[in-house]
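>>> With the sequence up front, the predicted model follows.
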Amino acid sequence: MTDATLFEVMPSRRVDGSNFPLGVMEFSFSVGAPNAWVPSKSYFRIGSTIYGASAAGPVVAAPAVSDMVAFADNAVGNMFDNAYVRSNNVEISSINQGLAQASALNARLGGGHSWLKSLGSGAELNKANFSDRIMLTADTSAADPYLGAKNEIYKPTAAGHFLDANVSVTPLEGKVQLADQNNVVDAASCVGFPITQNGGVVTGVNTRFLTGMPDPVTGEPTDSKVLAGDILVINNIHYPILEDAKAEDTLIIAYLPSDVITTQSSWYIIRKDVMRAPQGNNQIYSLWRPPIGLFDYAAGLGSGEYRIQLNPNSNYLLTSVETKNPDFVSSADGLSGSYSMVVNEVKFYAYIEKMSIPDSIQDLSLMEYQVQSKPWSNNLQFSISPYTKAITIFVQDIKAGGSPLCPPSMFKVLDNSDLKLATLQVSYAGVTKPSTAWQSNFYNGADQLQQRYLDTYGECKVDGAETYTDWLQRGPIYHINFERDVSNRSTEVMVNTTFNNMPAGPGTGVGSTGLARVFCVSHFQRNVQITTAAGSIVNVVARNS
């Protein structure tokens, strides 16, 4: 059995609330022999809270669905600009720009389908669909099959009456005031009569509508009431509940059935599950590894001094949140704006394992990201690392990074022109891929991006891939391998693209925000030699190769 532990490392300064963007965060820790640090099993834990606006305006509570605000896909990666890991004052692994895009790309290319749908989604906030992320934090939504809410069923009954507790439904009576013979309208002239379109009154026998439902605040299985928005099902027919329960035996429902319902024991209540499903909670933890090669290293590093540096994005309030509200106002105080996002903590958990590391030189071959972008043109040239092994291309709205309408982890354009790619060719190291500039299209009845999706993940060599739907939701990426002779040290890459019915380029259509940017991401190799003696690191040499 492995003797291992997760060692908690605190940042060198306060990072909560308004302190978050105020300078570099450093996480320093020491490992003593005979222990080793395992980077691939280590991670950051970020605690944060998101708030929405009340009807009156200021932020007061968890977002409502109608606020249309949620954590962004890969939200934590969007909070930082760059990251570095050092040992013996030597940089081992790093990314110095475009960390947000690299973090999202790393999740999409590195984890595979199974990871994205399990650990990536549940622990690291990788959810392609905007409404799924709304469901994660919105606490006011009802049982909603249209937005993908996870629902649960309940039957609030008195003890000993689970099977025979019954309900009846009668018309909901309205009131109308009629004038008397002297044309006077008063309370005495008020007449009651059935108003079918207003719904019905449910009368229960041995029911507990007021105290028999679970409490989402305390977690207690009972002592809470049926709420407006819950759904009453009687004989397989669904009736939305219009008001919070005010008595143990009475509910008000919409849609009065065509016939009065009498004494039915086949009934239950559907509610969005906020007891055991990850939804309806606006205070969350997210686990995250920076998109640098060292965090893929699964072996142990010898004892010594380690320092991790993260540089927060000054626009983190605009990058880590996504909204459809064009009049957004962000804040970090939990009290103001159309939404507020508060970082509560950032901690690093180093996986320390007891192991014997022989006196040796460890060769680490780390894959790093070099992220660059330029405004779109048919032909663009980028200078990249001569040690590049693969290249990823995508386009992104010019507002990404400065507006929550398009977070930097979403590789798309607000006018949806990213999906109108017609042709793409990338030339590097004397090779052009694809060799034929074949056509693709989307919209106007066309759905012709499947080949680009398949080619991308065929080049990745991952165990599965994100679904085609998620690939479209997050924005298409085009990944190409350029493995070649070791003596070929090319540094120039040409990217040629055209877009259907977009002669001025993506981002210039209806509702455009400006010419989109084309990203060229180089996946390059860095070699690090770590010399260990008596279980401790005595020398570190890093070089690109």
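Perfect, thanks for sending it.

>>> going forward, measure contacts and count neighbours with C-alpha atoms only.
Fine.

>>> how far away is the most centrally placed residue in the chain from Lys324?
Nearest residue to the geometric centre of the chain (C-alpha atoms, centre = their mean): Asp73, 3.0 Å. For Asp73, the distance to Lys324 equals 14 Å [C-alpha to C-alpha, to the nearest Å].

>>> Next: Glu353.
46 Å.

>>> These two: which has the busier surroundings?
Between Glu353 and Lys324, counted using other C-alpha atoms under 10 Å, Glu353 has the larger neighbour count: 19 against 15.

>>> how far away is the residue lying closest to that one once chain neighbours are set aside from Gly304?
Nearest residue to Glu353, sequence neighbours excluded (C-alpha to C-alpha, 6 or more residues apart in numbering): Ala4, at 4.1 Å. Using C-alpha to C-alpha, one obtains 17 Å as the distance from Ala4 to Gly304.

>>> quick one: which of these two has more around it?
Gly304 (20 against 15).

>>> how about the helix or strand that Gly458 is a member of as CSV, C-alpha atoms only?
If you go by DSSP states H and E, Gly458 is part of helix 450-460. Extracted in CSV, the C-alpha atoms of helix 450-460 (Å, rounded to 0.1, in the frame of the first residue of the first chain):
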residue,chain,number,x,y,z
GLN,A,450,-18.1,16.2,-39.1
GLN,A,451,-15.0,15.5,-41.1
ARG,A,452,-13.1,18.3,-39.4
TYR,A,453,-14.3,17.0,-36.0
LEU,A,454,-13.2,13.5,-36.8
ASP,A,455,-9.8,14.6,-38.2
THR,A,456,-9.1,16.7,-35.1
TYR,A,457,-9.6,13.8,-32.7
GLY,A,458,-8.0,11.3,-35.0
GLU,A,459,-4.9,13.4,-34.6
CYS,A,460,-5.1,13.6,-30.8
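
>>> pLDDT averaged over the helix or strand just after it - what is it?
Per DSSP H and E, the first helix or strand lying C-terminal to helix 450-460 is helix 468-474. Averaged over helix 468-474, pLDDT sits at 96.

>>> Check which helices and strands whatever helix or strand comes next after helix 468-474 sits against.
Using DSSP H and E, the helix or strand that directly follows helix 468-474 along the chain is strand 478-481. Contacts defined by 3 or more C-alpha pairs under 8 Å, 6 or more residues apart in numbering; DSSP states H and E place strand 478-481 against strand 388-396, helix 450-460.

>>> all helices in this protein, in order from the N-terminus.
Under the criterion DSSP state H, the chain carries helices at the ranges 99-110, 112-117, 119-122, 130-137, 316-319, 450-460, 468-474.

>>> Go ahead and confirm Tyr468 touches Tyr453.
Yes. Between Tyr468 and Tyr453 there is a contact under C-alpha atoms under 8 Å: 6.9 Å.

>>> From Val69, how far off is Asn35?
Going from Asn35 to Val69 by C-alpha to C-alpha gives 44 Å.

>>> Please apply the same query to Glu26.
Distance from Glu26 to Val69, by C-alpha to C-alpha: 31 Å.

>>> How about Tyr146?
17 Å.

>>> more neighbours, those two?
Val69 (30 against 7).

>>> Next, work out how far apart the more buried one and Asp363 are.
Val69 is 46 Å from Asp363, by C-alpha to C-alpha.

>>> before we move on, what about Ala247?
71 Å.

>>> what does Phe71 give?
Separation of Phe71 from Asp363 (C-alpha to C-alpha): 39 Å.

>>> More neighbours: which of these two?
For the pair Phe71 and Asp363, the greater number of neighbours falls to Phe71 (27 against 13), based on other C-alpha under 10 Å.

>>> about what we covered before: can you list the helices and strands that the helix holding Gly458 packs against?
Secondary-structure packing of helix 450-460 (3+ C-alpha pairs under 8 Å, 6+ apart): helix 468-474, strand 478-481.

>>> got JSON lines for the ones you listed, with mean neighbour count and distance to Leu125 too?
Below are the helices and strands packed on helix 450-460 laid out as JSON lines (neighbours: other C-alpha atoms under 10 Å; distance: least, C-alpha to C-alpha, whole Å):
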{"stretch": "helix 468-474", "mean neighbour count": "15", "distance to Leu125": "13"}
{"stretch": "strand 478-481", "mean neighbour count": "19", "distance to Leu125": "23"}
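
>>> list the contacts for the nearest residue to Asp223 once chain neighbours are set aside?
Distances taken as C-alpha to C-alpha, 6+ apart put Thr211 closest to Asp223, at 4.2 Å, once the chain neighbours are dropped. For Thr211, the contact set (C-alpha atoms under 8 Å, 6 or more residues apart in numbering) comprises Pro156, Thr222, Asp223, Ser224, Lys225, Glu248.

>>> what about the residue nearest to the fifth one when sequence neighbours are not counted, neighbour count?
Looking back up the chat, that one is Lys225. Excluding its sequence neighbours, the residue lying closest to Lys225 (C-alpha to C-alpha, 6+ apart) is Leu210, at 4.2 Å. Residues near Leu210, counting by other C-alpha under 10 Å, number 21.

>>> List the residue ranges of the stretch 51-200 of the chain that fall below the pLDDT cut-off.
54-60, 140-141, 145, 174-197 (pLDDT under 70).

>>> in it, which spans are strands?
59-61, 69-71, 80-87, 90-95, 151-154, 166-171, 173-177, 190-194, 200-205 (DSSP state E, counting those that start in this stretch).

>>> among those strands, which is the most enclosed?
Highest mean neighbour count among these (mean count of other C-alpha atoms under 10 Å): strand 69-71, with a mean of 29.

>>> any idea how far it is from the chain center?
Relative to its parent chain, strand 69-71 has a centroid offset of 8 Å by C-alpha atoms, centre = their mean, to the nearest Å.

>>> what lines up beside it in the sheet?
strand 321-323 (antiparallel) (DSSP bridges).

>>> Surely Ala61 and Tyr51 touch.
Yes. Between Ala61 and Tyr51 there is a contact under C-alpha under 8 Å: 5.4 Å.

>>> Okay, domains of the protein per the record?
For the chain, automatic domain parsing gives the domain ranges 4-141+280-544, 151-272.

>>> among these, where is the model least confident on average?
domain 151-272 (a mean of 85).

>>> Between the two ends of that one, what distance do you get?
One end of domain 151-272 sits 4 Å from the other (C-alpha to C-alpha).

>>> Much appreciated, bye for now.
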